[in-house]
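>>> Predicted model, plus sequence, below.
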Amino acid sequence: MQMKWMIVLALVGLSLFFLYPTVNWYQMDSKERNRMESAHLRPSWLVNLGLDLKGGTHMVMELDIDKLPPNTDVADALNRAIETIRNRIDQFGVSEPLIAREGEKWIVVQLPGITDSDQAKELVGKTALLEFRMVDSSEAGQKAAQKIAEMGDPFENGKLKPEIAKLLPPGTAVLPGKESAFYVVNDKAALTGAFLEDARVDAGNSNFGMPVVSFKFNAEGGRIFGSLTGANIGHELAIVLDGVVYSAPRINSRITNSGIIEGRFNMEEARKLAIVLRSGALPAPVRVIEERTVGPTLGEDSIRTGIRASLVGLGLVVLFMVLYYRLSGMVAVLALFLNLVFLLACMAYLNSTMTLPGMAGVILALAMGIDANVIIFERIREELRVGKPIRLAVSTGYDKAFSAILDAHLAEIISAAFLFQFGTGPVKGFAVTLTLGIAISMLTAIFVTRLIFESYLAGGTVSELSI
């Protein structure tokens, strides 16, 4: 019995150890938390808050499968898009994001703490197709460029105006520039961002002090880039991102494996561009078909309301157990609080995310723990009514109650498994907390409370059990 108590106390101590970072984290000032999150200094063990509690952005994005290359596997393209989006978000520093596939061509993205939906869409939805195209320097190309400069916008209803189309040399196209200009370039890219190895923000010495995005190719990309620049010294190379010419520098010498993108960026724009280039291009464009933002005030209100409802329900349960089962009810209440401590400690250790449905899962799991104690106490009462000694009545009551408790908890776990398998987002959170809570309630109801009763009865002759 002494060994059993050592196990229980060790579990309590370990749970408090895992819970301390969470308690300390949420006692911090919000500005300090944001600073530490930006510096990736979040604790290793932490119960995170979901979108509905912390505030943030929820988007459903659709992959434009019509823009995929022929014979492309849609499922594979969707998985690549999810991985690319995940890489971008991870580098941006969003804590506990949710990126999940939904259906054949949709992606659900939840970004807790990001309430600027425009910022989120720009980061997540940018195709980031980087291309290097030679600016056409032929006489016909120069004439077309001059005509475009005189006319202004060469497009009408999304199509190139006929008078411009007639002037364009074969194998060329017109692309808009980031600074309102238009460029006549080769219609095929000589090199793409698929060969990029790295991209980062640098101080621009030749860009009026504005930041630039420097990039580096892998070995194969460096070989292709070296051949391209070596054969076109004195000509202009257009650096194109998602169909927009960001800059068109003149090639002064052969360049092998690196370069820069100038575009009159501010620091934040340059950082975002470096992120999307570093994480790769999406296999096809994505568009937002559903969007909603939960403000931090609404999230805090949800927390307050949820905690208030939980405390009221918990108080009523405690009151009933103490009034109806007396001292034995106090044992059940102790087990209830141990359930909560163990469950939150497990969530902190697993870095789980708490959502409103997750809070419902916690409450339901605690209720299952109380239900197990009620079954045990009623079985003990039945044994006492037939005149069995107290120790035998307690032992028999626990033994007879075990099968009923196991059946009920097993049914709940099976239900939770189906919710986890076929549900999305918050539904999965509910299933996880419910499963953990049910497993822990089995431990406290069958092991901990029985240990308390056995220790009490082992202390001497007990003539009456308060139950």
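In hand now; what should we look at? Numbering: from 1, shown residues only.

>>> going forward, measure contacts and count neighbours with C-alpha atoms only.
Fine.

>>> Can you show me the strands along the stretch 251-400 of the chain?
258-261, 286-294, 353-354 (DSSP state E, counting those that start in this stretch).

>>> Leaving out chain neighbours, which residue sits closest to the residue nearest the centre of the chain?
Nearest residue to the geometric centre of the chain (C-alpha atoms, centre = their mean): residue 97, 1.5 Å. Spatial nearest neighbour of residue 97, excluding adjacent residues (C-alpha to C-alpha, 6 or more residues apart in numbering): residue 111 at 5.0 Å.

>>> next one: residue 300
Nearest non-adjacent residue to residue 300 (C-alpha to C-alpha, 6+ apart): residue 53, at 6.2 Å.

>>> Which pLDDT value belongs to the one you found?
Per-residue confidence (pLDDT) for residue 53: 76.

>>> Which strands and helices lie in contact with the helix or strand it falls within?
Using DSSP states H and E, residue 53 maps to helix 51-54. On a contact count with 3 or more C-alpha pairs under 8 Å, 6 or more residues apart in numbering; DSSP states H and E, helix 51-54 meets strand 106-112, helix 296-349.

>>> Need the winner for burial among those.
Sort those by mean neighbour count, taking mean count of other C-alpha atoms under 10 Å, and strand 106-112 sits at the top with a mean of 23.

>>> Okay, now the sheet partners of that one, with direction.
Strand 106-112 sits in its sheet next to strand 56-63 (antiparallel), strand 98-102 (antiparallel), going by DSSP bridges.

>>> Helix or strand next in line after it, which one?
With DSSP H and E, the next secondary element past strand 106-112 is helix 117-125.

>>> What residues of the next helix or strand after that following helix count as buried?
Per DSSP H and E, the first helix or strand lying C-terminal to helix 117-125 is strand 130-134. Within strand 130-134, the residues that qualify as buried by neighbour count (16 or more other C-alpha atoms under 10 Å) are 130-134.

>>> And residue 240, how close does it get to residue 308?
Distance from residue 240 to residue 308, counting by C-alpha to C-alpha, to the nearest Å: 55 Å.

>>> cool, and residue 244?
Residue 244 is 53 Å from residue 308, by C-alpha to C-alpha.

>>> what do you get for residue 386?
In terms of C-alpha to C-alpha, residue 386 sits 43 Å off from residue 308.

>>> wait, isn't the residue nearest to residue 97 in contact with residue 98?
Yes - under the criterion of C-alpha atoms under 8 Å, residue 111 makes contact with residue 98 at 6.8 Å.

>>> Run through the residues that contact the closest residue in space to residue 384 that isn't next to it in sequence.
Distances taken as C-alpha to C-alpha, 6+ apart place residue 393 nearest to residue 384, at 5.8 Å, with adjacent residues excluded. For residue 393, the contact set (C-alpha atoms under 8 Å, 6 or more residues apart in numbering) comprises 380-381, 383-384.

>>> one more time with 7 Å, if that's ok
380, 383-384 (C-alpha atoms under 7 Å, 6 or more residues apart in numbering).

>>> For the residues you listed, give me JSON lines that also has pLDDT.
Formatted as JSON lines, the contacts of residue 393 follow (pLDDT from 0 to 100):
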{"residue": "380", "pLDDT": "91"}
{"residue": "383", "pLDDT": "89"}
{"residue": "384", "pLDDT": "89"}
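
>>> Keep only those of these that are in helices.
380, 383-384 (DSSP state H).

>>> Of the residues you listed, which is the most crowded?
When the ones in helices among the contacts of residue 393 are compared by neighbour count (other C-alpha atoms under 10 Å), residue 380 ends up highest, at 26 neighbours.

>>> and the closest residue to it other than its chain neighbours, what pLDDT?
Nearest residue to residue 380 in three dimensions, chain neighbours excluded: residue 397, at 4.4 Å (C-alpha to C-alpha, 6+ apart). pLDDT recorded at residue 397 is 90.

>>> Quick check: residue 397 touching residue 375?
No - with contacts defined as C-alpha atoms under 7 Å, residue 397 does not count as touching residue 375, sitting 8.8 Å away.

>>> These two: which is more packed in?
The residue with more neighbours, out of residue 397 and residue 375, is residue 397; 21 against 18, by other C-alpha under 10 Å.

>>> check contacts around that one.
Residue 397 touches 376, 379-380, 383, counting by C-alpha under 7 Å, 6+ apart.

>>> switch the cut-off to 6 Å
By C-alpha atoms under 6 Å, 6 or more residues apart in numbering, residue 397 lies in contact with 376, 379-380.

>>> Looks like the residue nearest to residue 97 contacts residue 57 (just checking).
Yes - using C-alpha atoms under 6 Å, residue 111 is in contact with residue 57, at 5.2 Å.

>>> about what we covered before: export the buried residues of strand 130-134 to TSV and tack on distance to residue 405 and pLDDT?
Formatted as TSV, the buried residues of strand 130-134 follow (distance: C-alpha to C-alpha, whole Å; pLDDT from 0 to 100):
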residue	distance to residue 405	pLDDT
130	60	80
131	64	87
132	67	89
133	70	92
134	74	93
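
>>> Nearest to residue 464 among those residues?
Nearest to residue 464 out of these is residue 130 (C-alpha to C-alpha; 81.2 Å).

>>> Please list all residues in contact with that closest one.
Here residue 130 is in contact with 192-193, 240-241 (C-alpha under 6 Å, 6+ apart).

>>> Between the two ends of stretch 149-169, how far is it?
Stretch 149-169 has an end-to-end distance of 17 Å (C-alpha to C-alpha).

>>> List the buried residues in it.
Across stretch 149-169, burial judged by 16+ other C-alpha under 10 Å covers 154, 164-165, 168-169.
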